[in-house]
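**Q** generate a structure from the sequence data that follows.
(one chain, ligands or ions: 1)
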Amino acid sequence: MAIDFDVEPEFQEQIDWVENFVLEEIEPLDHFMSAGCDKNGNPLDKDGWDAIRAHITQLKNQVKERGLWGFHLGPDLGGPGLGQVKLCLLNEKLGKTRMGPTLFGCQAPDTGNMELIAHNGTEMQKEKYLQPLLSGEKHSAYSMTEPHAGEPGEFQCSAVRDGDHWILNGEKWFTSNGAGADFLIVMAVTSPDKPLLERASMFIVDRETTGVEIVRNVHTFGTNLKENYNTAPGRGGHAYIRYDNVRIPAENLLGTEGAGFVGSQTRLSGGRVHHAMRAVGVCTKALDMMCERALSRKAKGQLLADLQMVQADIADSYIQLKQFRLHVLYTAWLIDKTGAYTSEIRKEIASIKISAAKVNHDIVYRAIHLHGALGMSNETPLGDMWMSAPQMGIMDGTTEAHKSNLSKLLLRAYEASDDIFPTYHLPKLISKAQDKFQKIIDAY
Ligand SMILES: Cc1cc2nc3c(=O)[nH]c(=O)nc-3n(C[C@H](O)[C@H](O)[C@H](O)COP(=O)(O)OP(=O)(O)OC[C@H]3O[C@@H](n4cnc5c(N)ncnc54)[C@H](O)[C@@H]3O)c2cc1C
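**A** Purely as a prediction, here's the structure:
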């Protein structure tokens, strides 16, 4: 029997350190950054922001000293090579924060792009683009979705070979961090007549290349629309980008020509597991808040905790969270064991991607509801957490697309019944059993 839910004591120490770092350093930083002002409501001036930036660098140094910088990376890329299960246990802690992944050098979309270049890049690309990403000197974005289509079969942005360059034309949007990136990895159709999986290629495009135009810096709802017109780096957002006759050196083709869609799975599969485990962190925080509130607030002279419908909400949330967490860890364990994204593993990844949105939605909704008006205010982290549920159901592939994929993978293991009645049609089975037992009875 090899099933074991224990964590090695040395690694438990790392988890405990991260948990404490989250509590003492990252959450306060999140709170300060979300206010962005002093106690009198005065916005920070340049010196104030310089001080905060220096403090952030010092926090990153503490993470590096602890050996946890870029903890998603293998030793060949300067990371600790922890494997997916340990990554999950750390991501669970960081999921409770906004700034955590940045302080640990494992923020999306850079993490996925690191994996892409590490797996598909040439030596030149690794040196010029991967190394500065690993050290945190540069930032990147991944530009695949188009304003008119999120479905690869509908993509129009194209690249055409011209001597030792490619000429890129088209529009992309929801390129997270596109405005602040030093370079973008762009998916473009290079062979429109080939089968879907051979139709597109990926290119590394320097952000400053002539013809790369940020049309708007789109934000998710809840952000003032005027922010969409601020395309200065460092504002977050999901850029709407026009590529207008952008000349890309041929050496910036990432992977082989036509392997874009297949190659992109390297980036998306691992990323989905990390997102799922961060969702565990979000939901744990929501459940903790729910329990504290239930024990602190009274209605009609009774604690909320003593009301049966509140109790049912707490119990349902706990069960959903526990099941989800175990499923994510099981998926991570399978990846560690197999070392590849096999169809067996893709089945589990699709499942946890689907659950992440649902579990996040259900638990955070209950927590908001239990907090009443306070839950609806902007004075708790619940509003932010609420946003992650619909996002999770859309980014990195919609829930519907994953459900469709999952059911196809599941159905591969089955065959149609060769009879008009199903295999488990009782009259048929009973008749067979009667034949079998009649023989036993006769022999006796
Ligand atoms: C926060 C966030 C960050 C993102 N970051 C990036 C990024 O960095 N780079 C990037 O390229 N993209 C990014 N995206 C875009 C994301 O990948 C797409 O939104 C996603 O792939 C879905 O595409 P779409 O928005 O065009 O929706 P559509 O494909 O138009 O889907 C709309 C709806 O159609 C239905 N639908 C779609 N497919 C199916 C199906 N197979 N079966 C049944 N119904 C279906 C569903 O109801 C779905 O919700 C981001 C999105 C979000 C929300």
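
**Q** now the strands for the stretch 51-200 of the chain?
**A** Under the criterion DSSP state E, counting those that start in this stretch, the stretch 51-200 of the chain contains strands at 140-143, 158-162, 165-176, 183-189, 200-206.

**Q** tell me the mean pLDDT over the longest one?
**A** To tie it back to what came earlier, the one meant is strand 165-176. Averaged over strand 165-176, pLDDT sits at 97.

**Q** quick one: strands adjacent to it?
**A** For strand 165-176, sheet partners with direction are given as strand 158-162 (antiparallel), strand 238-249 (antiparallel), following DSSP bridges.

**Q** contact partners of stretch 423-439?
**A** For stretch 423-439, contacts defined as C-beta atoms under 8 Å, 6 or more residues apart in numbering pick out 417, 419, 421. Quick note: C-beta positions are derived from backbone N, CA and C, even for glycine.

**Q** and for the second one, the neighbour number?
**A** Which is residue 419. One way to gauge burial is a neighbour count; for residue 419, by other C-beta atoms under 10 Å, it gives 9.

**Q** also the first one?
**A** Per other C-beta under 10 Å, the neighbour tally for residue 417 reads 11.

**Q** can you classify it as helix, strand or coil?
**A** coil (DSSP: H, G, I helix; E, B strand; the rest coil).

**Q** please name the bridge partners of the nearest residue in space to residue 158 that is not next to it in sequence.
**A** The shortest distance from residue 158 to any non-neighbouring residue, by C-beta to C-beta, 6 or more residues apart in numbering, is to residue 189 (4.5 Å). As for beta bridges, residue 189 partners with residue 158, residue 200 under DSSP bridges.

**Q** ok so, going back, from the contacts of stretch 423-439, which is closest to the ligand?
**A** Within the set of the contacts of stretch 423-439, residue 417 lies nearest the ligand; the separation is 26.9 Å, counting by C-beta to the nearest ligand atom.

**Q** got a list of what the closest one touches?
**A** For residue 417, the contacting residues are residue 423, by C-beta under 8 Å, 6+ apart.

**Q** what parts of the stretch 251-400 of the chain come near the ligand?
**A** Residues of the stretch 251-400 of the chain that fall close to the ligand, judged by C-beta under 6 Å from any ligand atom: 391, 394, 395, 396, 397, 398, 400.

**Q** among these, who's most crowded?
**A** Counting neighbours by other C-beta under 10 Å, the top entry in these is residue 395, with 21 neighbours.

**Q** where does it fall, phi/psi-wise?
**A** With angles defined as degrees, to the nearest 10, residue 395 sits at phi -70, psi 150.

**Q** within the helices and strands, which one has the residue sitting nearest the centre point of the chain?
**A** Using C-alpha atoms, centre = their mean, the residue of the chain that lies closest to the mean C-alpha position is residue 275, 3.0 Å off. Mapping residue 275 onto the secondary structure by DSSP states H and E places it in helix 260-296.
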